[in-house]
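Chemist: I would like the atomic coordinates for the input below:
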Amino acid sequence: MTNIERAYMIAEKAHRNQSYDIYTYMFHIRMVAGIAESLGFDEIIIIACILHDTIEDTDITYNDIKKAFNEEIAEIVYAVTDELGRNRKERKGKTLPKIRNNWKAVVVKICDRIGNMTHSKSYNKDKFKMYTKEYATFRKEITNPEHKKREISIAWVELEKIIA
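Modeler: Okay, here's the model as predicted:
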């Protein structure tokens, strides 16, 4: 069994009672991981995409991910996990700087946003408008000039295609 297959098994169990619009939550997970894979990202990023919502939305912990995979994947998933806050603006204000410190977390978050925007463009126009309105701040907050620009730019180009 591959590490990617193991990650899917963990995500399926962890998100078993959750939904994404009218779909099981795995629809979203498979979409985000598929985006990373189609853009040519490595196994580490694909696994982090599969697990990206586990710490935030399930009983899975940082230590569970570290034990099942490694510290690098656990750090990426932790970085994209929303911090607590009274509202979306406050949560994102605490979370986005955390993402900015890890270029692979930036890629995972962009893949997540690509998935959310692709889906909401067809199924939830209000949510799509919210993501579009947030785009400039989102990009500014997770951009770090020290990062590998080529790898991240591949993901940004895909996100900008959705907005255009």
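
Chemist: excluding its backbone neighbours, what's nearest residue 19?
Modeler: In space, residue 19 comes closest to residue 25 once its chain neighbours are excluded; the distance is 6.0 Å by CB to CB, 6 or more residues apart in numbering. Where you see a C-beta, it was placed from the backbone N, CA and C, and this is true even at glycine.

Chemist: what about the one you found, how many neighbours?
Modeler: 20 (other CB atoms under 10 Å).

Chemist: Verify the stated contact: it with residue 13.
Modeler: No: here residue 25 does not reach residue 13: they are 11.3 Å apart, not a contact under CB atoms under 8 Å.

Chemist: Which pLDDT value belongs to the nearest residue to residue 123 once chain neighbours are set aside?
Modeler: Nearest residue to residue 123 in three dimensions, chain neighbours excluded: residue 21, at 5.8 Å (CB to CB, 6+ apart). On the pLDDT scale, residue 21 is placed at 92.

Chemist: number of nearby residues for residue 21?
Modeler: 12.

Chemist: Would you state the helices of this protein in chain order?
Modeler: For the chain, applying DSSP state H gives helices covering 3-14, 25-38, 43-51, 54-57, 62-68, 71-80, 88-100, 103-123, 125-142, 149-163.
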